[in-house]
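1. after the sequence you'll find the predicted model.
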Amino acid sequence: DVKVTQSSRYLVKRTGEKVFLECVQDMDHENMFWYRQDPGLGLRLIYFSYDVKMKEKGDIPEGYSVSREKKERFSLILESASTNQTSMYLCASSRKRPGQGDSTYSNQPQHFGDGTRLSIL
Amino acid sequence: RKEVEQDPGPFNVPEGATVAFNCTYSNSASQSFFWYRQDCRKEPKLLMSVYSSGNEDGRFTAQLNRASQYISLLIRDSKLSDSATYLCVVSLYSSASKIIFGSGTRLSIRP
C-alpha cells in the first residue's frame, strides 16, 4: 500500500515566518505534488515535481517554493508566510506512466498524504 | 466557466437509494478521468478511474461521455458509509500540471 506521509497534521505560524512542509512517499513514485484546498475552491496545484531536482509551477505558485533533493521527499516552502496562506495543504504522489518523457506528468492516479492544516496568525 | 464543474450538493438520500452525480469538463483534449472520495477533514482517496467504455466496481458505476464532455458516478444501494464528498478529477495526458479537481459533490446518506 502506498504511504504518503506529511510531517505535521496541524501547524500554527506567524506572518513573515519561513515555513517548511515536508512530504515523504515510500513507493518510489516519480511524481510528487503540492496542493492547497480551500472551501468552495477545491484542490489547487501549487507545484509539482516529476523527478529529483525537477519542478514545475502549478496554478498558484506565488509565495511558495519547493525542493526535491531526494526522490522520496518533496518540500513546500512558504518564504514569508501571510494570512492568506492559511489553508489545508495536501501532498500527493503518483507513478509516471511508462515510456513518457521527463516533462510530462503521469495520468496515473494520485495518492495523498493526510494533509497539514496550516494557520498563519 | 470552470474547467471542471460539479454540483456541490448536498445530496441527502435515504439508505438503499440509488444516487448519481455528473461532472462536466471544458477541455475536449482531456484524457484521464477519476472519481475520488473525501471524508470530512481527511485526504482525498481514489474511488475509481473512469474508462471510455464505462466501468463498474461493486455498487459503483462510472461512465464517460466524450461527446457531451461529462463523467458520471452512480451509487446503487447506498450505505451510511457512502456519506462523503465526491471529487471529479480530469487530466490532460501530455500537458504538465493539468490535473484539475472539481470542487466536489457532498453526499449525505440518512438512515
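-> Sure, I can see it.
2. correct me if wrong: B:Arg110 contacts B:Gly16.
-> No: in this structure B:Arg110 lies outside contact range of B:Gly16 using CB atoms under 8 Å: 10.5 Å. Where you see a C-beta, it was placed from the backbone N, CA and C, and this is true even at glycine.
3. what about stretch A:51-62, distance to the chain center?
-> 9 Å (CA atoms, centre = their mean, to the nearest Å).
4. that one spans what distance, first to last residue?
-> End-to-end span of stretch A:51-62 (CA to CA, to the nearest Å): 21 Å.
5. that stretch near chain B at all?
-> Yes: contact of stretch A:51-62 with chain B (CB under 8 Å from any CB of the partner chain) involves A:Glu56, A:Lys57, A:Gly58, A:Asp59.
6. phi and psi next, for the nearest residue to the third one once chain neighbours are set aside.
-> The spatially closest residue to A:Gly58, leaving aside those adjacent along the chain, is A:Leu45, at 3.1 Å (CB to CB, 6 or more residues apart in numbering or on different chains). With angles defined as degrees, to the nearest 10, A:Leu45 shows backbone torsions of phi -80, psi 130.
7. how deep is A:Leu45 tucked in, by neighbour count?
-> 21 (other CB atoms under 10 Å in any protein chain shown).
8. wait, it touches A:Ile60, no?
-> Yes: the criterion here is CB under 8 Å, and A:Leu45 meets it with A:Ile60 at 7.3 Å.
9. returning to what we had before: quick one: residues contacting the residue nearest to A:Gly58.
-> A:Phe33, A:Trp34, A:Tyr35, A:Gly58, A:Asp59, A:Ile60, B:Ser97, B:Ile99 (CB atoms under 8 Å, 6 or more residues apart in numbering or on different chains).
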